[in-house]
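Student: need coordinates for the below:
(chains A and B, ligands or ions: 2)
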Amino acid sequence: MTTHELERLLLQQPVSLLHRLARGRISRHFRSGKRKLIDLLLHASAENRPGLESDLIALIEEQTRRQPAAPAEKLPQAQARPRAVAFLPTAPRPHKTEDHGHHEPPVSLHEWLSGIGVPPAQPFVPDAWQVDALARLAETDVVVSVPTGSGKTYVAIEATARAMRENRTVIYTSPLKALSNTKFTEFSRLFGPDQVGILTGDRRENAQASLLIMTTEILRNLLYDAAGGEIDVRLDTLGLVIMDESQYLADPERGVVWEETLIFCPSQARLLLLSASIGNPQDIADWLTAIRPTPCSLIRHTKRSVPLRAGYLHPNEKLTPLFRTTGIPYGQPHLLHPESKRLFAEYEEETGPSRSR
Amino acid sequence: MPPSIHPVDLVATLRQKNLTPAIIFLTSRRACDEAMQAFERSQVVLPKARQEQIAGVLTQVTAQFPSIAEHPLIGTVQRIGVAAHHAGHLPSWKIAVEELMRTGSLDAVFATTTLAAGVDFPARTVVVTQSSIRKARDFTDLTASEIQQLAGRAGRRGKDLVGFAVITPSPYIDLTVLTKGLTGQPEAIHSQFVISYPMVLNLLKAHPREQIQSILAKSFAQFQLNQRTAVLETKLDGLRAEMEPFGPRVCSDWITQWQIFDQARKRKKPRGPAARQESPDVAARLNFLTPGRVIGLVRGRGIILRQYRSKGQHAPMVTLLREGGALNECPASIVTQVFDRTYECEETSTYPWTTPQTLEHLTHQLAELPPRLPILPILIHPEEDVPLDSSIIHTLGDFPCPSCPSRQACQRDFPRASRVRQEIQRHTKSIQALQTSLWHRFQERIDVLERFGYLNATAQLTTDGEWARLIRIDHSLLITELIRAEAFGAIDPPLLAAIMASIAHDDDRPGSFPRGSAGLVTLLFQVRKLAESLMPHEEPPMLRADVAALTERWVADQTLTWIGLARLTTMAEGDMFRLFARTIEFLSQLKTLKGTHPSLAESADRAIAAMRRGVLEELP
Ligand SMILES: Nc1ncnc2c1ncn2[C@@H]1O[C@H](COP(=O)(O)OP(=O)(O)OP(=O)(O)O)[C@@H](O)[C@H]1O
Ligand SMILES: [Mg+2]
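Tutor: Ligands and ions are numbered 1, 2, ... in the order given. Next up, the predicted model:
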């Protein structure tokens, strides 16, 4: 949608929704009035409009679900909704049965269990955010923060292939040796065994290869050695550093290693940070923009690629939906299904009240 | 009703509802193993075709990782189509289970919540049985991020149209933690930047001391500290604006002047014997119990309308507007919390001490307050009761204040002015601390390294510093000090590996182990003494003699097989593997000291070669 359309859509939203949208995008957004907030939102997401748009649509949809019987007088808002969805082809509308509000009767078990199955095989078409991330990476560093299982590996592989075509070295880091091993196998199959090397604590296999897989600690040590004058691998041709699972930045013991690595990462190399959903990915992008010569873009979305439903299974083997809605009612933990509520109360009753640890 | 569903029934229910394959998260490794035993005892048997599928996948993985063939559960998994996956297993076995899951050969896997992020291990359904996990010694509620990471494994892209997260209760489960986590936003992440000795040495190797502060300023830690600074600065702006009407009057520093005058005046005025007997915390709060202030009580909340002292006892009292509109006169000690929220409150000299309009307005405000209000942190000054220098009291007559034309205004304004001024000072100090804290911590580390002789007085690396910077692991100070104390003289590979294992191992799971050699016992004793002497500068490692002995055995006796070693201990295979992998990592750091400590590096190299056999050779 155009900036003008987006702005109009934002203007039609209640300010509470704007604040939710601003979370993680604008620091101290709660201090701003509505108009200011919209300006800030537009400004802060200049780099990643699709992310803002898809989150906005998701919030609007959620709101619609919450108040499906919104009285017709409140039309300005209600009108905007269906249109808003049409704006964004990349955000597929959830399965039809996922639409339920608490005014409607709670979902039945039968309905909740419907739709299980295997999707028909489809040719691989990259998601809009994947395309976007790769396009951005041509110009800037990129932080990707998307839910588990979204397809971050595809971005890593395409970016690697591109850098290799340009005769650049690529370093791929993961927090765990086990993960490094898996990726080593996977990438060797993809790019050919002679193209891929792995460095661990005391082993170096194919250390001159153009794609090197290592744990973040090893990269940190390499960077210290390079700074101390003992260059070891081909850091001068380094074109891309991919850090998978970079939410480890917050690990109490090891997070510091991610910080050291990012601070000392050579400025000629592009950075691609892949992370699960976190609350403040914009902070990471802003930080990297502040300390590196190239700006850093944020690719973020919160929508899962496969919709998730939640259930409650009683010890007597009775299964019920956990919430009144088929899908998970984001932002509304209290919308429990009456049956799960009743069964859990029964459970608490029977297993005794002194359940403090 | 049983406290939780039986694992066999759980999987049967999931199968029947077409919700398999599933990952079932259990609270402990033991719970996972017990679930497997329950299946072994059960009558569950897979159809032939599925058993063959599993066997096929396992044969493939075994070609790459031969140790899998020896796994005791291999037959069970094949027969029942269910497996366990936790940190007690060897990596190769975990890879096998992951592969079985990826190929859709299993119905369910029992796993602990430590199942690492990024490991490709998806399922149609995820079952959650707990709302808290053990971290360090304590149980902590799962965070929204953690819950979403667990639940996020449900629903495989390309294989499922929809995924399911199913909660089944067990004792100690808190359903609200889970529902909030499922529906909520993941938490913001915070920097965990710490300054270690190797970091200091390596930074000073490459940059002069003057540049360090600007390097530290590039950390995410400083970025987040700056965000906090920005919040404080906005507050500071507000406070400065609030301070504007309190600029210079007849005397420029009238606030301090009045403070002293007022204190002197109060001291001089004789009070009842019980005066100022209130506890320091009540006394500290009194300054804030001003008209219009929202406060918390044991039950409910209220707004202060007036503060005064009781006639006889001279005890501090307040007049309170309670929820519902009641007015109470109570001792100030009834206040349990002072909230960071005040309203305009026009004062009058008679009951109800404010105008009827204000009263109505405040009653309304009180009813509308959000359930949570920020609490005002109040510093308690125990020394506040130190009597004023008696000379001040004697010279009270010399104060210009009593005859000053501004006296009325100053008397009225100074409580608020001095409070605002205090807050400005407090914020300014905090901002300073936020801006310099990393550099201070860095300097503390420099001081220690200088005292030990790794840095010289101008913070440049000494000869020892030059090699010590290559040791970039936990407990680096202990390791470099051991090397300097020549504890490793002409040390044998088994002994060196054993000591490194005891330094590297940081798990306190109990177990039974073989005994170490006499040489190991003596050396460990010395290491422990040194570690304790370093305590003020570095947390000592656990230095467990039992894991050291296990490692010594493995390196010394080359005929010992992995299975044979496992029989010597109750340690889980996965833990043994991790112990040795970490030990090898530590040893390979010693290997980098070839240039300065050739015999130590040589011994480390031989120890690594000796350790890498059997399952330890399977993975790069
Ligand atoms: N555009 C796409 N269309 C269909 N399937 C896709 C697409 N992109 C990725 N996938 C598939 O999605 C699955 C999950 O991808 P991937 O492992 O990259 O996720 P991830 O984001 O790295 O998750 P995790 O947080 O668990 O590491 C893979 O099977 C992959 O083939
Ligand atoms: Mg991944």
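
Student: end-to-end on stretch A:21-39?
Tutor: Terminal residues of stretch A:21-39 are spaced 13 Å apart (C-alpha to C-alpha, to the nearest Å).

Student: no no, stretch B:243-250
Tutor: End-to-end distance (C-alpha to C-alpha), stretch B:243-250: 17 Å.

Student: does B:Glu466 fall in a helix, a strand, or a coil region?
Tutor: Using DSSP: H, G, I helix; E, B strand; the rest coil, the structure places B:Glu466 in helix.

Student: any idea how far it lies from B:Asp33?
Tutor: B:Glu466 sits 49 Å away from B:Asp33, going by C-beta to C-beta, to the nearest Å. (Each C-beta comes from the backbone N, C-alpha and C, glycine too.)

Student: which ones are touching the residue of the stretch 151-300 of chain A found nearest ligand 1?
Tutor: Going by C-beta to the nearest ligand atom, ligand 1 is nearest to A:Gly151 of the stretch 151-300 of chain A, at 2.5 Å. For A:Gly151, the contact set (C-beta atoms under 8 Å, 6 or more residues apart in numbering or on different chains) comprises A:126-127, A:130, A:305, B:157.

Student: now the buried members of those residues.
Tutor: Buried members of those, scored by 16 or more other C-beta atoms under 10 Å in any protein chain shown, are A:127, A:130, A:305.

Student: so which of those residues are in strands?
Tutor: The strands in this structure, assigned by DSSP state E, contain none of these.

Student: among these, which one sits closest to A:Thr294?
Tutor: A:Gln130 (20.6 Å; C-beta to C-beta).

Student: pretty sure B:Ser512 is touching B:Thr570, no?
Tutor: Yes. In this structure B:Ser512 lies within contact range of B:Thr570 using C-beta atoms under 8 Å: 4.9 Å.

Student: what's stretch B:18-34 in contact with?
Tutor: By C-beta under 8 Å, 6+ apart, the list of residues contacting stretch B:18-34 reads A:113, A:116, B:7, B:10-11, B:14, B:35, B:84-88, B:101, B:104, B:106-113, B:115, B:121, B:123-130, B:133, B:150, B:153-154, B:164, B:166, B:170, B:572.

Student: for B:Ile304, phi and psi?
Tutor: phi -70, psi 130 (degrees, to the nearest 10).

Student: and it, how many neighbours?
Tutor: As a burial measure, B:Ile304 scores 25 neighbours (other C-beta atoms under 10 Å in any protein chain shown).

Student: what of B:Tyr308?
Tutor: Applying other C-beta under 10 Å, we find 13 residues neighbouring B:Tyr308.

Student: just give the nearest non-adjacent residue to it, would you?
Tutor: In space, and not counting its chain neighbours, B:Tyr308 is closest to B:Met317: 5.4 Å by C-beta to C-beta, 6 or more residues apart in numbering or on different chains.

Student: other SSEs contacting the helix or strand that contains that neighbour?
Tutor: Assessed by DSSP states H and E, B:Met317 sits inside strand B:316-322. For strand B:316-322, the elements it packs on are strand B:301-309, strand B:327-331, helix B:356-368, judged by 3 or more C-beta pairs under 8 Å, 6 or more residues apart in numbering or on different chains; DSSP states H and E.

Student: let's see 10 Å
Tutor: helix B:280-286, strand B:293-296, strand B:301-309, strand B:327-331, helix B:356-368 (3 or more C-beta pairs under 10 Å, 6 or more residues apart in numbering or on different chains; DSSP states H and E).

Student: what distance do you get for the residue lying closest to B:Tyr343 once chain neighbours are set aside to B:Pro371?
Tutor: Leaving aside its sequence neighbours, B:Tyr343 sits nearest to B:Gly292 (C-beta to C-beta, 6+ apart; 4.6 Å). As judged by C-beta to C-beta, B:Gly292 and B:Pro371 stand 20 Å apart.

Student: between these two, which one's more packed in?
Tutor: More crowded of B:Gly292 and B:Pro371, by other C-beta under 10 Å: B:Gly292, with 19 against 5.

Student: so what's the more buried one up against?
Tutor: B:303-305, B:321, B:341-347, B:354, B:358, B:362, B:365 (C-beta atoms under 10 Å, 6 or more residues apart in numbering or on different chains).

Student: repeat that for 6 Å
Tutor: B:342-343, B:345 (C-beta atoms under 6 Å, 6 or more residues apart in numbering or on different chains).

Student: from those, which is closest to ligand 1?
Tutor: Ranked by distance to ligand 1 (C-beta to the nearest ligand atom), the contacts of B:Gly292 are led by B:Thr342 at 47.3 Å.
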